[in-house]
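Enquirer: Mind folding the following:
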Amino acid sequence: MNLDGKVAIITGSGGKGTGRAVARRFALEGMAVVVSDTNDTGGDETVALIEADGGRAAFHPADVKNENEINGLIAFAESTFAGLDILVNNASKPDTMGLLTGWMDAMAVEILAPMRATLAAIEAMRRRGGGAIVNIGSTSALGHGTSTHRGPLTMSARWLRFS
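Expert: Presented below is the predicted three-dimensional model:
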């Protein structure tokens, strides 16, 4: 698939993990990338890395637990890069205590946010004739930040045509 000239949003791409790596790779393939995270410093760092490699990127902070911020993220991609072709749902917020102390936040980011972002992205992709939605899960959610991390568990994409 030729990605040159396409536009992607990657949630959770302001960290040092999978989101940043995907954002950088997409930019190397010629895509314009919307970097998104709640970490402003990390988001700016990701954009700087992409630009240093000759790519195009812009940072838009968004807390994907908030539906209005998801909608703002989609609107930002359309106003900044004239559309949206690929959405990568990568943001993560596991319950780091493992005692259900952050369970509601974890569910809002891990389950509800990808569904809401997908629904919001469909209309933008429809205006461009289709698109792809990638949902990333990782074993790092099982003992986040510990030695149990083994990298990506699942990653899939399918080009969708909307009418």
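Enquirer: For stretch 124-139, the averaged confidence score.
Expert: For stretch 124-139, mean pLDDT rounds to 90.
Enquirer: pull the CA atoms of it into CSV?
Expert: Presented in CSV, the C-alpha positions along stretch 124-139 are these (Å, rounded to 0.1, in the frame of the first residue of the first chain):
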residue,chain,number,x,y,z
ALA,A,124,-13.6,12.0,8.1
MET,A,125,-12.4,8.9,6.2
ARG,A,126,-15.6,8.6,4.3
ARG,A,127,-14.9,12.1,2.9
ARG,A,128,-11.6,10.8,1.6
GLY,A,129,-13.0,7.7,0.1
GLY,A,130,-12.0,5.2,2.8
GLY,A,131,-9.3,4.6,5.3
ALA,A,132,-7.7,2.2,7.8
ILE,A,133,-8.2,1.8,11.6
VAL,A,134,-5.5,0.0,13.6
ASN,A,135,-6.1,-1.0,17.2
ILE,A,136,-2.9,-1.9,19.2
GLY,A,137,-2.9,-3.9,22.3
SER,A,138,0.3,-4.8,24.2
THR,A,139,1.3,-7.2,27.0
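Enquirer: in this structure, which spans are helices?
Expert: Assigned by DSSP state H, the helices in the chain fall at 18-28, 40-52, 67-81, 103-107, 113-127.
Enquirer: lowest average confidence, helix or strand, in the chain?
Expert: Every helix and strand of the chain was ranked by mean pLDDT, DSSP states H and E. The lowest is strand 152-156, at a mean of 43.
Enquirer: residue furthest from the geometric center of this structure?
Expert: Here the chain reaches farthest from its C-alpha mean at residue 99, the gap being 26.9 Å by CA atoms, centre = their mean.
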